[in-house]
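Colleague: quick one: sequence and predicted model below, then my questions.
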Amino acid sequence: MRRDVYPIWLRVLHIASLVAVIGLISSGGGILNAAPIWGVAAPSWAVLGTDLSESIRWHSIFAPIFIVTTLCFLVMRLVLNAGGPT
């Protein structure tokens, strides 16, 4: 039987980070649309939130998830010395 190359904790953290990054990009697009600085607007289908306050709310939900998953990855990497090349 073939052994998995990457441990399950690493896969879970990668999936959570991916969800957080997609959420941050989408809510950031909503923030950009609410206050277009450079005259650029994100497409409405790719935006989380209908107005500035809702987009900021989504952004503040996904930012701690990304921070926690990154810190967990770093701690597990240092403690277990696993998760990638050394």
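Modeller: Yep, that arrived.
Colleague: tell me which strands and helices the one helix or strand residue 73 maps to is in contact with?
Modeller: Counting by DSSP states H and E, the element that carries residue 73 is helix 52-80. With contacts taken as 3 or more CB pairs under 8 Å, 6 or more residues apart in numbering; DSSP states H and E, helix 52-80 sits against helix 8-34. All C-beta atoms are positioned from the backbone trio N, CA, C, and that covers glycine.
Colleague: one step back: okay, buried residues for the helix holding residue 73 please.
Modeller: By neighbour count on 16 or more other CB atoms under 10 Å, the buried set for helix 52-80 is 54, 55, 56, 58, 59, 62, 65, 66, 69, 73, 76.
Colleague: so for stretch 13-20, mean pLDDT?
Modeller: Averaging pLDDT along stretch 13-20 gives 95.
Colleague: residues touching it, excluding its own?
Modeller: With contact meaning CB atoms under 8 Å, 6 or more residues apart in numbering, stretch 13-20 is reached by 62, 63, 65, 66, 69, 70, 72, 73, 76.
Colleague: circling back: out of the buried residues of helix 52-80, which is nearest to residue 33?
Modeller: residue 55 (7.8 Å; CB to CB).
Colleague: what residues does the closest one make contact with?
Modeller: Residue 55 makes contact with 27, 28, 29, 30, 31, 33, 34, 47, 48, 49 under the criterion CB under 8 Å, 6+ apart.
Colleague: state the distance from the last one to residue 27.
Modeller: Relative to residue 27, residue 49 is positioned 6 Å away (criterion: CB to CB, to the nearest Å).
Colleague: and stretch 75-86, what's its mean pLDDT?
Modeller: pLDDT averaged over stretch 75-86 gives 72.
Colleague: same check on stretch 44-64?
Modeller: Averaging pLDDT along stretch 44-64 gives 94.
Colleague: now do it: distance to the chain's middle.
Modeller: Taking the mean of its C-alpha atoms, stretch 44-64 sits 13 Å from the chain's own mean (CA atoms, centre = their mean, to the nearest Å).
Colleague: do stretch 17-26 as well
Modeller: 3 Å.
Colleague: stretch 59-66 too?
Modeller: Worked out by CA atoms, centre = their mean, stretch 59-66 lies 7 Å from the chain centre.
Colleague: many thanks, I have nothing further to ask.
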